[in-house]
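Enquirer: this one's sequence-less:
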């Protein structure tokens, strides 16, 4: 193999921020090939638009062939294991008639934005004010999986980090700034203290070793 391709199926377009995290994890578990990731962008279908997770998975593997498939859903208010079981059932049904790549359940607790709340320099750079001095007071790692609204909290941190006044904040595109946060994070190892992230790495390491993709 000269190239390891992965495809990410997500709840929505904002979840594409998981791509740099997944590539970092693949390298961390020892993948020895160049890596190419694709987000399964299924928004362009006007007819027969996939609605269920099963339909999204089936369409994704047809359009974005890969060696490993990541399937994302936020845990939200459900336990991670229950959400992972839902994903596994949908994936098994969707892939039963296809030469199926191994799949990995990506289930942040509660939302994927929680995995971006630990790196203050990345948030400041994404906000366009890397040398800002305003205190952000990011939550401790141990609280990330229990916060009820990590997306809203990340939005507020980005606005605060921008240093803009109320008038200029009206033109501050916070949704686009979120996508810049993971690009500016080089090391996600602090997230290994989170159960959901640790479980993701463990599942991925098993598949990479089983497939013989590691160094």
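Expert: Happy to help now that I have it. Owing to the predicted nature of the structure, the values given are computational and were not obtained by experimental measurement. Residues are numbered from 1 along each chain as shown.

Enquirer: show me where this protein has strands.
Expert: Listed in chain order, the strands of the chain (DSSP state E) span 4-9, 35-39, 68-72, 103-106.

Enquirer: would you pull up how far the third one lies from the middle of the chain?
Expert: In this case it means strand 68-72. Distance of strand 68-72 from the chain centroid (Cα atoms, centre = their mean, to the nearest Å) equals 10 Å.

Enquirer: mind giving me the domain split of this structure?
Expert: Following automatic domain parsing, one finds the domains of the chain at 4-109+194-211, 113-183.

Enquirer: redo the ones you listed as TSV? Include mean neighbour count and mean pLDDT.
Expert: Where C-beta positions appear, they are placed from N, C-alpha and C, glycine not excepted. Converted to TSV, these look like this (neighbours: other Cβ atoms under 10 Å; pLDDT from 0 to 100):
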stretch	mean neighbour count	mean pLDDT
domain 4-109+194-211	17	90
domain 113-183	16	92
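
Enquirer: returning to that earlier point: residue 52: which of the strands of the chain is closest?
Expert: Checking these against residue 52 by Cβ to Cβ gives strand 4-9 as the closest, at 11.6 Å.

Enquirer: that older thread, what's the closest of the strands of the chain to residue 112?
Expert: strand 68-72 (7.1 Å).

Enquirer: quick revisit: so which of the strands of the chain is nearest residue 113?
Expert: Among those, the nearest to residue 113 by Cβ to Cβ is strand 68-72 (12.5 Å).

Enquirer: counting contacts, what elements does that closest one pack onto?
Expert: When contacts are defined as 3 or more Cβ pairs under 8 Å, 6 or more residues apart in numbering; DSSP states H and E, strand 68-72 packs onto strand 4-9, helix 18-28, helix 53-63, helix 80-94, strand 103-106.

Enquirer: and that strand, which strands flank it?
Expert: Based on DSSP bridges, the pairing partners of strand 68-72 within the sheet are strand 4-9 (parallel), strand 103-106 (parallel).

Enquirer: relative to helix 18-28, how tilted is the longest one?
Expert: Following axes from the mean of the first three to the mean of the last three Cα atoms, to 10 degrees, one obtains 140 degrees for the angle between strand 4-9 and helix 18-28.

Enquirer: and the angle for strand 4-9 with helix 53-63?
Expert: Using the same axes, to 10 degrees: strand 4-9 against helix 53-63 is 150 degrees.
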